[in-house]
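[1] my questions are about this predicted structure, shown below with the sequence.
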Amino acid sequence: MPAIVLIGAQWGDEGKGKVTDMIGGGVDYVVRYSGGNNAGHTVVTPDGQKFALHLMPSGALWPNAAIVIGNGVVVDPKVLLAEIDGLAERGVDVSRLMISGDAHLIMPHHRALDRVVERYLGSSRIGTTGRGIGPAYGDKVARMGIRVQDLLDPGILRKKLEIVLRERNQVLFKVYNRKEIDVDAVVEEYLTYAERLRPYITDTRAVLWKGLEEGRTVLLEGAQATMLDMDHGTYPFVTSSNPTAGGACVGAGIPPTAINRVIGVTKAYTTRVGSGPFPTELFDDNGVHLRKVGREYGTTTGRERRTGWYDAVVARYATRLNGITDLVVTKLDVLSGLETVPLCVAYEIDGKRTDDMPLTQTEFHHATPIYEELPGWWEDISGAREFSELPANAQRYVERIEELAGTRVSIVGVGPGRDENVVRHSLL
Ligand code: IMP
């Protein structure tokens, strides 16, 4: 009963969509298990149409896979319906979608609070996507959340909304000087969503258990990434869920023993959006070069991504934390043409070398990378499909990544195209 977890091994946007493209044909269920419409991936239909998805897994386009939105996701129903409609218009069969009744809903007060709190935080802001993700998980943990299943019971929906807004409206109005949110208007709006979502609401856990028992392949498609994990990332500059492999079990309701492969995706360099520590960040021409050549602009917000060299300390941490069995290194081609390629192998913190993640966030903020300078390569590598077709220095770079992470690199991305990959080990 193979369940495969696919996760980002850095701060997000590593190119997970490329992997889902590669293994899509062999997967029976594709599951989102954390986050919400803070994610973003551009998907290309087999006939070449391109569009962005935020809430649906990128595997939604595989014609034979069931699409599951698990209990760990926070669902903005308006966004979900727009994605359902967008896919249906392009001829994609959306009847394969199943949404957990236990997933929480993003409500208007979550979006309002996300934006206003960020504004009030000023220079201490997290740099959130402004989609209401943090406040929705906040209500969930505070046991004041409203779940997808509540859409099926108008009385309960109203009652729960009254309870939460009794408090949150005070905060919006008295603390942040914003308009209070009207219960009636929200109930009316959400009941229209309820009618349309009703056919998709299912006990997704039981569906996945059955699939696993029948020996089907389940792909748990992570959004965000390891270093944005609420518990294991650079708190508080994180997202409000657990995108790591452990979160996949909780957010989909499947047992850890069902997982037999964890694919970690990492760029050949590093990017991050939003605030927070980033030891290998570049503020010079090299950083601009990586942004331009790598087209590093956010899919969800359009923001410029921060760029930096590859950080092997982060990769090793992500490998151990998630139990990564296969690394996928994307965008190696972006590094072509550099005289030397620096690779961060450890940090210096207050005059001392550390090879692992430091104990405190303060130390991480003060970490200066210790680089190994590897010789670069000039060749266009986009035509390489076998490892031996890569220039010797590019091979050396990948092998060093592998050695430092302590796990094998199975795929290397050498260009933006679907097929522009060097495959060393099959992912299925
Ligand atoms: P939130 O998830 O909107 O609360 O944002 C929290 C942090 O996670 C911010 O730094 C965001 O930029 C970052 N973030 C959230 N989703 C993504 C993603 O899909 N890719 C990269 N960064 C993300």
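    Cool, the structure landed.

[2] just the strands in the stretch 251-400 of the chain please.
    259-267, 270-272, 306-308, 310-311, 326-330, 340-349, 352-354, 368-375 (DSSP state E, counting those that start in this stretch).

[3] for residue 184, find the nearest of the ones you listed.
    Nearest of the strands of the stretch 251-400 of the chain to residue 184, taken as C-beta to C-beta: strand 270-272 at 41.4 Å. Every residue, glycine included, has its C-beta placed from N, CA and C.

[4] pull the distance from that closest one to the chain's centre.
    How far strand 270-272 lies from its chain's middle: 13 Å, per C-alpha atoms, centre = their mean, to the nearest Å.

[5] quick revisit: just put the strands of the stretch 251-400 of the chain in a markdown table and tack on distance to residue 6.
    Listed next are these as a markdown table, based on distance: least, C-beta to C-beta, whole Å:
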| stretch | distance to residue 6 |
| --- | --- |
| strand 259-267 | 5 |
| strand 270-272 | 18 |
| strand 306-308 | 23 |
| strand 310-311 | 20 |
| strand 326-330 | 9 |
| strand 340-349 | 24 |
| strand 352-354 | 29 |
| strand 368-375 | 27 |
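
[6] hey, which of those is tucked in deepest?
    Burial among these, expressed as mean neighbours by mean count of other C-beta atoms under 10 Å, is greatest for strand 310-311, which shows a mean of 27.

[7] pull the residues that contact that one.
    Contacts to strand 310-311, defined as C-beta atoms under 8 Å, 6 or more residues apart in numbering, come from residues 10, 266-270, 279-280, 343-344, 369, 401.

[8] pairing partners for it, with directions?
    According to DSSP bridges, strand 310-311 forms sheet pairs with strand 340-349 (parallel).

[9] contact residues of the stretch 151-300 of the chain facing the ligand?
    Within reach of the ligand by C-beta under 6 Å from any ligand atom, the stretch 151-300 of the chain has these residues: 223-224, 228, 237, 239-240, 273-274.

[10] which one of these is nearest to residue 61?
    Closest approach between these and residue 61, by C-beta to C-beta: residue 223, at 16.2 Å.

[11] and the residue of the stretch 201-350 of the chain found nearest the ligand, its phi and psi?
    Of all residues in the stretch 201-350 of the chain, residue 274 sits closest to the ligand, at 2.1 Å by C-beta to the nearest ligand atom. When read as degrees, to the nearest 10, the backbone of residue 274 gives phi 80, psi -180.

[12] helices of the stretch 51-200 of the chain, start to end?
    Assigned helices in the stretch 51-200 of the chain, in chain order: 77-89, 108-121, 133-141, 154-170, 183-197 (criterion: DSSP state H, counting those that start in this stretch).

[13] pick the most deeply packed of these.
    helix 133-141 (a mean of 22).

[14] right, is that helix up against the ligand?
    Yes. Judged by C-beta under 6 Å from any ligand atom, helix 133-141 comes into contact with the ligand at 133-134.

[15] what's in contact with that helix?
    So helix 133-141 is in contact with 35-36, 38, 74, 104-107, 109-111, 113-114, 117, 126, 128, 145-146, 164, 239-241, going by C-beta under 8 Å, 6+ apart.
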